[in-house]
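Engineer: structure of the sequence below:
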Amino acid sequence: MGLFTKRQLTGQVDKNSLPRHVAVIMDGNGRWAQKRGLPRTAGHKVGAETFRRIATCCKKLGLDYLTVYAFSTENWKRPKDEVDGIMRLLEQYLHECIDYGMGIRILRQDSWEALCSFIISQCNNITRIKGIVERLCEQFGDKCETNGVGYYTFPSAERLAALRPSDLAGIRSGYRAEYIIAAARAVTTGELDLDALKTCDYREAIKTLRRIRGVGEKVANCVVLFGLYHMEAFPIDVWMKRALKEHFPADFDPTSLGAYAGLAQQYIFYYSRSGGK
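Structural biologist: Below you'll find the predicted structure:
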């Protein structure tokens, strides 16, 4: 059964026939251009714009997965000017992200607060994360007041290290309670020296953080970028996976973005998350 009903000319889509996953093979762009007396790079540009329209449509339809086969290892054998032209299409996307999110800054969060908060964030949504952090501060932080407005500080690692996971039942963090306490104790005992990780190589910082129970690749990268201020870190979550799949080759290496890969990540994330193409 096709995606469209008999009223397909009106653009109506039969949602009951919508697949969960669609794959697109980018093939024939160069030949399309040659038949029209154009350079092959012109075909790749038109193909990229066509795919962008397809991706935007799939997003509006609520398609779960969209895979694009855009650049294979065989493509490296093509003429240099053609490969360079394809790579420039990626640069164009990055410039669009920058223009869309002009003025973005990287949050320089307190190191312990970043580690604890990102442990809480794993397999979680923004509403629940905010709720857990607020309850953590209310129950274990210090109450302060500024201009008549009361608030609570983020609890120190030392304060939480003295607790048991069961003591965190009130913040409703689930299995993460054990991870929070483990991280707090590692910081308090010196097993994890967050200040030292600010000055070491970012890859070593990630490796060290991952030794802490409950800290995986994504959490470690987030902490290294936002709490340890290593701009080379490139966290990849669901939104980043979608953006990379739609706009970058399968073998894309974030380190190719250099010393400010983390800033590029934020532009890409914001563009994708805020309704950009």
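
Engineer: next, the buried residues of stretch 168-175.
Structural biologist: Across stretch 168-175, burial judged by 16 or more other C-beta atoms under 10 Å covers Leu168, Ile171, Ser173. No exception for glycine: its C-beta is placed from N, CA and C like everyone else's.

Engineer: ok, now stretch 234-250?
Structural biologist: Those would be Phe234, Pro235, Ile236, Met240, Arg242, Ala243, Leu244, Lys245, Glu246, His247, Phe248, Pro249, for stretch 234-250 by 16+ other C-beta under 10 Å.

Engineer: which other residues reach the helix or strand containing Tyr267?
Structural biologist: According to DSSP states H and E, Tyr267 maps onto helix 261-273. Under the contact criterion C-beta atoms under 8 Å, 6 or more residues apart in numbering, helix 261-273 has outside partners 94, 96-98, 100-101, 104, 106, 225, 230-235, 237, 239-240, 242-244, 254-255, 257, 276-277.

Engineer: nearest residue to Thr255 in space, please, no chain neighbours.
Structural biologist: Ala261 (6.7 Å; C-beta to C-beta, 6 or more residues apart in numbering).

Engineer: can you tell me how far the one you found is from Glu191?
Structural biologist: The spacing between Ala261 and Glu191, counted by C-beta to C-beta, to the nearest Å, is 28 Å.

Engineer: please apply the same query to Met240.
Structural biologist: Distance, Met240 to Glu191, using C-beta to C-beta: 30 Å.

Engineer: before we move on, what about Arg105?
Structural biologist: Counting by C-beta to C-beta - Arg105 and Glu191 are separated by 32 Å.

Engineer: who has more neighbours, these two?
Structural biologist: The residue with more neighbours, out of Arg105 and Glu191, is Glu191; 13 against 7, by other C-beta atoms under 10 Å.

Engineer: distance check, that one against Ala157.
Structural biologist: Separation of Glu191 from Ala157 (C-beta to C-beta) stands at 11 Å.

Engineer: next one: Glu138
Structural biologist: 18 Å.

Engineer: the two: who's more crowded?
Structural biologist: More neighbours surround Ala157 than the other of Glu138 and Ala157, with 22 against 14 (other C-beta under 10 Å).

Engineer: can you list contacts of the helix or strand encompassing Val223?
Structural biologist: Per DSSP H and E: Val223 is located in helix 217-226. For helix 217-226, the external contacting residues (C-beta under 8 Å, 6+ apart) are 106-109, 111, 114-115, 118-119, 121-122, 197, 202, 205-206, 209-210, 215, 230-231, 233-237, 262, 265.

Engineer: likewise stretch 169-185?
Structural biologist: Applying C-beta under 8 Å, 6+ apart, the contact partners of stretch 169-185 are 115-116, 119-120, 122, 131-132, 135-136, 139, 157-161, 163-166, 168, 191-192, 212-215.

Engineer: how about the CA coordinates for it, as PDB?
Structural biologist: Taking Å, rounded to 0.1, in the frame of the first residue of the first chain, the C-alpha atoms of stretch 169-185 are listed here in PDB:
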ATOM      1  CA  ALA A 169      14.500   9.000  47.600                       C
ATOM      2  CA  GLY A 170      12.800  12.300  48.000                       C
ATOM      3  CA  ILE A 171      14.300  13.800  44.800                       C
ATOM      4  CA  ARG A 172      12.900  10.900  42.800                       C
ATOM      5  CA  SER A 173      16.000  10.300  40.600                       C
ATOM      6  CA  GLY A 174      15.600   6.500  40.500                       C
ATOM      7  CA  TYR A 175      18.600   4.400  39.700                       C
ATOM      8  CA  ARG A 176      20.700   7.600  39.300                       C
ATOM      9  CA  ALA A 177      20.800   8.100  43.000                       C
ATOM     10  CA  GLU A 178      23.600   5.500  43.300                       C
ATOM     11  CA  TYR A 179      25.500   7.200  40.500                       C
ATOM     12  CA  ILE A 180      25.200  10.600  42.200                       C
ATOM     13  CA  ILE A 181      26.500   9.400  45.500                       C
ATOM     14  CA  ALA A 182      29.400   7.500  43.800                       C
ATOM     15  CA  ALA A 183      30.400  10.600  41.900                       C
ATOM     16  CA  ALA A 184      30.200  12.700  45.000                       C
ATOM     17  CA  ARG A 185      32.400  10.300  47.000                       C
END
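
Engineer: now that stretch: mean pLDDT?
Structural biologist: Mean per-residue pLDDT for stretch 169-185: 97.
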